[in-house]
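Engineer: What follows is a protein structure lacking sequence information:
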């Protein structure tokens with residue numbers, strides 16, 4: 001392949017004439033798998049005389065070709081993309097030149113692409129198929145040229161990024177690499193930190209510290225645990241944290257400063273120290289699975305290193321508070337994260353305890369106040385402001401989110417030492433007439449964060465009502481809209497934690513103010529009023545007061561939802577529908593129409609952006625809002641179950657919405673519309689003509705994009721069969737559609753055993769709905785069930801396959817026996833084994849077998865296969881056993897249903913406080929959860945899959961023949 005010709009093709013891809021451009025792109029695409037093509041591209045990328053734009057296009061082309069075509073034997077076939085494979089000769093050329101290309105890279109954009117290529121190569125070929133690679137990396141690290149050192153660091157980082165989530169392989173590969181290269185890295189890093197003025201220092205430190213952080217994602221090697229390694233690395237981390245970067249290397253713009261190399265390096269220093277402490281260095285938080293390996297290290301780290309880290313962080317906080325040092329948002333988050341962890345460990349709590357009051361008031365609280373930036377955002381775009389405001393509460397990866405976690409954690413884990421001072425601080429602001437409105441906003445937000453603790457604390461919960469009357473109610477009349485909004489926000493928090501008024505007049509005043517705020521001219525106030533009202537309507541007096549105006553409230557909710565596209569508002573609407581279902585009957589169709597219009601708008605907008613959006617998150621808000629609208633529609637349908645006329649109207653307007661979703665292959669919304677169809681068809685208990693077009697569309701979709709959504713489709717498909725059996729009896733094509741779904745679920749390589757179970761349920765439902773009317777498909781049903789029985793691994797699938805046979809015998813006994821042929825005896829043996837060992841435990845299983853046994857006994861003797869006749873009398877014993885067990889099965893089912901609805905299954909949102917005086921280690925609920933989760937994961941790692949396939953006879957006949965007379 002001529003490099004000059006290939007270079008010309010890349011240059012032509014920038015041609016203004018679309019025909020010329022497309023022709024060049026097509027030629028490049030055709031040539032990608034040809035031997036020598038990628039070698040030519042490598043040469044273009046590395047040639048200084050070639051235009052940078054051409055080199056940029058070439059390196060992107062190379063990255064994509066390698067990512068898609070660098071297949072290897074260690075990658076499962078199903079994970080390999082259908083793309084031309086990279087020829088072996090080109091692989092060698094790429095591996096030979098990748099490090100020199102990175103070293104000589106003319107700019108960051110090209111270097112990033114080359115690093116991505118290197119990661120693919122490492123993932124597939126290192127170390128077995130790339131001898132000498134590690135030696136080349138070490139040589140680069142030892143070079144006197146900064147470009148070579150930087151290239152070596154880049155390569156080393158890609159190795160650790162590749163193996164950080166591959167624990168089995170990383171255990172074999174990474175410890176040796178750490179031992180060989182990390183002494184070099186810490187030496188290089190120390191020199192860079194000591195010489196911050198050097199132009200390469202920040203970039204060096206960024207790569208070095210990021211590499212270390214990636215190396216400890218899953219495990220901490222013995223080399224890294226040793227003091228001989230930990231001490232010099234610790235000094236480096238502290239040096240980077242404490243270093244004052246040269247002013248000429250720090251951008252003036254705060255947004256640019258967040259991204260500059262120095263603050264990236266600092267971020268990785270903090271992140272690494274946090275990871276060391278939180279995963280490996282805190283004895284009380286060390287999960288059992290890691291204790292054997294790291295308990296000694298944790299004791300040493302917690303005693304000797306963690307307090308020093310905390311003091312370093314506190315010093316940076318002090319500098320920041322005094323105005324001497326700026327901190328990036330990410331670093332602020334990481335500092336607060338470490339402070340939160342330090343409050344739980346004894347050795348660090350003793351250091352932290354004297355500073356708590358100052359930290360909360362001077363470092364954390366400023367993150368909660370209403371800032372000038374927030375005011376500007378509100379004024380510029382209220383819609384974007386409320387989206388950010390809601391997201392900020394849900395995102396614990398931000399300084400604000402982490403500050404709320406820190407405050408809550410302090411109040412629950414060190415209640416005695418911290419909770420009282422925090423309440424006093426709040427009171428000092430709200431009780432001071434000179435406090436600024438911005439500070440009052442922060443105090444109310446802090447109270448909202450602590451609401452759960454306040455309402456559980458024996459001394460605090462009693463004063464909350466006077467707090468609301470004295471400090472919250474007056475804010476509804478404030479000239480500052482943000483104070484009206486935060487008042488609503490605080491009401492939401494209190495009501496969510498089951499706050500109760502002793503004086504009903506106070507509840508009446510509060511709800512009246514919230515209703516007035518619902519008509520506020522400012523959108524953020526209206527939104528928070530809507531959320532507050534959603535909580536308040538759980539109280540009967542408020543619910544009664546709102547009944548006359550519920551139509552207006554729902555219209556206002558819809559308007560705000562359309563303005564903001566926020567999922568929280570659709571959740572609010574669902575709550576209103578559930579609480580006011582009877583009152584909404586007159587406007588149910590109108591309300592649903594509005595929701596459908598909103599859903600269709602969001603669907604159209606997301607589809608139009610689908611091709612240009614780089615990732616799912618770009619459309620996330622609109623997608624979640626559309627899904628929320630669908631859930632609200634489903635709630636309305638459920639609420640209208642007793643109003644058949646309204647349901648008929650609803651199905652007529654819902655069918656086009658479902659059809660549009662399926663026809664546009666909007667996969668993200670499939671589950672939502674399938675849920676609507678399930679609820680609608682079940683509530684109707686019939687299938688109107690309009691909905692059969694939806695059934696056809698669901699089948700068509702199953703044959704295409706929604707094959708992965710079979711489980712979500714099952715309930716509505718089952719309803720179509722159950723409530724539309726007369727139509728199925730008349731429509732052969734519909735019966736064949738169900739059969740095809742069943743066969744596909746059992747035979748498709750793309751589907752698993754769970755899908756096969758769903759297919760079994762579906763065909764079983766068809767056979768039970770149309771007894772004696774499915775002679776045309778029974779033989780196929782049985783044949784495919786027999787074939788699947790050969791490879792079935794799980795007990796649950798075997799049971800459902802057995803139920804398919806039983807259903808077929810119930811539907812058409814003689815035909816089913818004939819279709820079973822020589823497999824009849826093994827199947828009956830399996831049936832009786834299941835009966836004897838209790839596998840037919842459910843009410844459905846027992847009822848199905850009872851009915852099938854009764855049908856079989858009606859057969860004339862000559863229609864019973866010869867190899868079954870000796871055990872035929874055993875059917876009577878089986879019936880007697882099932883009749884005896886049936887009442888107990890019904891009782892067990894009722895108990896399960898009661899347990900499911902019992903209060904113990906409700907979410908436990910009670911806040912647990914640590915009221916002890918001591919300063920010992922504490923373990924919070926999060927750590928307890930992580931402990932259980934880790935134990936579960938570690939336990940599951942030892943589970944082995946069930947055995948492989950067995951011959952058909954062995955699969956269905958266990959040990960000795962079991963089909964014989966049963967004792968009554």
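Structural biologist: Perfect, thanks for sending it. What you see is a predicted model, and the numbers here were worked out from it, not measured in a lab.

Engineer: Please count neighbours and contacts with C-alpha atoms only from this point.
Structural biologist: OK.

Engineer: Look at residue 812 and say how many residues are nearby.
Structural biologist: Using other CA atoms under 10 Å, the number of residues around residue 812 comes to 21.

Engineer: for the one 5 residues further on, same thing?
Structural biologist: Other residues near residue 817 come to 23 when the count uses other CA under 10 Å.

Engineer: Could you report the distance from the nearest residue to it once chain neighbours are set aside to residue 804?
Structural biologist: Distances taken as CA to CA, 6 or more residues apart in numbering place residue 824 nearest to residue 817, at 6.6 Å, with adjacent residues excluded. From residue 824 across to residue 804, the span is 13 Å (CA to CA, to the nearest Å).

Engineer: Would you mind telling me which of the two has the busier surroundings?
Structural biologist: Between residue 824 and residue 804, residue 804 has the larger neighbour count (other CA under 10 Å), namely 24 against 19.

Engineer: Give me the residues contacting stretch 315-333.
Structural biologist: 242, 257-258, 263, 266-267, 270, 362-363, 397-400, 402-403 (CA atoms under 8 Å, 6 or more residues apart in numbering).

Engineer: Next: stretch 747-759.
Structural biologist: Outside stretch 747-759, the residues touching it (CA under 8 Å, 6+ apart) are 708, 710-711, 714, 741-743, 745-746, 788, 792, 794, 796-797, 800-801.

Engineer: any idea which of the contacts of stretch 315-333 is least confident?
Structural biologist: Within these, pLDDT reaches its minimum at residue 397, with 83.

Engineer: quick one, what contacts that one?
Structural biologist: residue 333.

Engineer: do you know how far it is from residue 517?
Structural biologist: From residue 397 to residue 517 the distance is 31 Å (CA to CA).

Engineer: Then residue 315?
Structural biologist: Applying CA to CA to residue 315 and residue 517 gives a distance of 44 Å.

Engineer: Have a look at these two and say which one is more surrounded.
Structural biologist: residue 517 (27 against 13).

Engineer: Contact partners for that one?
Structural biologist: Going by CA under 8 Å, 6+ apart, the list of residues near residue 517 reads 476, 484, 525, 526, 529.

Engineer: export those to JSON lines and tack on pLDDT, secondary structure and distance to residue 865?
Structural biologist: Shown next, in JSON lines, are those (pLDDT from 0 to 100; DSSP: H, G, I helix; E, B strand; the rest coil; distance: CA to CA, whole Å):
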{"residue": "476", "pLDDT": "98", "secondary structure": "helix", "distance to residue 865": "83"}
{"residue": "484", "pLDDT": "98", "secondary structure": "helix", "distance to residue 865": "81"}
{"residue": "525", "pLDDT": "98", "secondary structure": "helix", "distance to residue 865": "77"}
{"residue": "526", "pLDDT": "97", "secondary structure": "helix", "distance to residue 865": "75"}
{"residue": "529", "pLDDT": "97", "secondary structure": "helix", "distance to residue 865": "73"}
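
Engineer: Now, of the residues you listed, which are buried?
Structural biologist: When the contacts of residue 517 are checked for burial by 16 or more other CA atoms under 10 Å, the buried set is 476, 484, 525, 526, 529.

Engineer: Let's have the residues you listed in JSON lines, adding distance to residue 221.
Structural biologist: Listed next are the buried ones among the contacts of residue 517 as JSON lines, based on distance: CA to CA, whole Å:
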{"residue": "476", "distance to residue 221": "58"}
{"residue": "484", "distance to residue 221": "54"}
{"residue": "525", "distance to residue 221": "53"}
{"residue": "526", "distance to residue 221": "54"}
{"residue": "529", "distance to residue 221": "53"}
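
Engineer: Which two of the residues you listed have the greatest separation?
Structural biologist: 476 and 526 (11.9 Å; CA to CA).

Engineer: Return the entry from the contacts of stretch 315-333 with the maximum number of neighbours.
Structural biologist: Across the contacts of stretch 315-333, neighbour numbers were computed from other CA under 10 Å; residue 403 holds the maximum, 28 neighbours.

Engineer: which residue sits closest to that one, ignoring its sequence neighbours?
Structural biologist: Closest to residue 403 by CA to CA, 6+ apart is residue 364, at 5.9 Å.

Engineer: Now do the helices in the stretch 101-250 of the chain.
Structural biologist: For the stretch 101-250 of the chain, the helices defined by DSSP state H, counting those that start in this stretch occupy 108-125, 133-141, 146-163, 167-194, 201-215, 222-225, 227-242.

Engineer: Now the shortest one: average pLDDT?
Structural biologist: Yep, that's helix 222-225 we're talking about. What helix 222-225 shows for mean pLDDT is 97.

Engineer: cool, and stretch 671-678?
Structural biologist: Average pLDDT, stretch 671-678: 96.

Engineer: Centre of the chain to it, how far?
Structural biologist: 21 Å (CA atoms, centre = their mean, to the nearest Å).

Engineer: Could you do stretch 682-693 as well?
Structural biologist: 34 Å.

Engineer: Regarding it, how distant is the last residue from the first?
Structural biologist: End to end - CA to CA - stretch 682-693 spans 17 Å.

Engineer: what does that stretch contact?
Structural biologist: Under CA under 8 Å, 6+ apart, the answer for stretch 682-693 is 637-638, 641, 644, 647-648, 651-652, 655, 681, 716, 719-720, 723-724.

Engineer: most surrounded residue in those residues?
Structural biologist: The most crowded member of those, judged by other CA under 10 Å, is residue 637 (29 neighbours).

Engineer: what helix or strand is it on?
Structural biologist: helix 620-639 (DSSP states H and E).

Engineer: Can you name every helix or strand that that helix contacts?
Structural biologist: Under the contact definition 3 or more CA pairs under 8 Å, 6 or more residues apart in numbering; DSSP states H and E, helix 620-639 sits against helix 567-579, helix 588-610, helix 670-684.

Engineer: Flag every buried residue along that helix.
Structural biologist: 621-639.

Engineer: Please work out which residues outside the helix or strand following that helix touch it.
Structural biologist: Going down the chain from helix 620-639, the next helix or strand is helix 644-663, by DSSP H and E. Helix 644-663 is touched from outside by 588-589, 592-593, 596, 600, 603, 637, 640-641, 669-670, 673, 680, 683-684, 688, 690-691, 694, 697-698, 701, with contacts defined as CA under 8 Å, 6+ apart.

Engineer: ok so, going back, tabulate the helices of the stretch 101-250 of the chain (JSON lines), appending distance to residue 2.
Structural biologist: Shown next, in JSON lines, are those (distance: least, CA to CA, whole Å):
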{"stretch": "helix 108-125", "distance to residue 2": "22"}
{"stretch": "helix 133-141", "distance to residue 2": "28"}
{"stretch": "helix 146-163", "distance to residue 2": "28"}
{"stretch": "helix 167-194", "distance to residue 2": "39"}
{"stretch": "helix 201-215", "distance to residue 2": "37"}
{"stretch": "helix 222-225", "distance to residue 2": "49"}
{"stretch": "helix 227-242", "distance to residue 2": "49"}
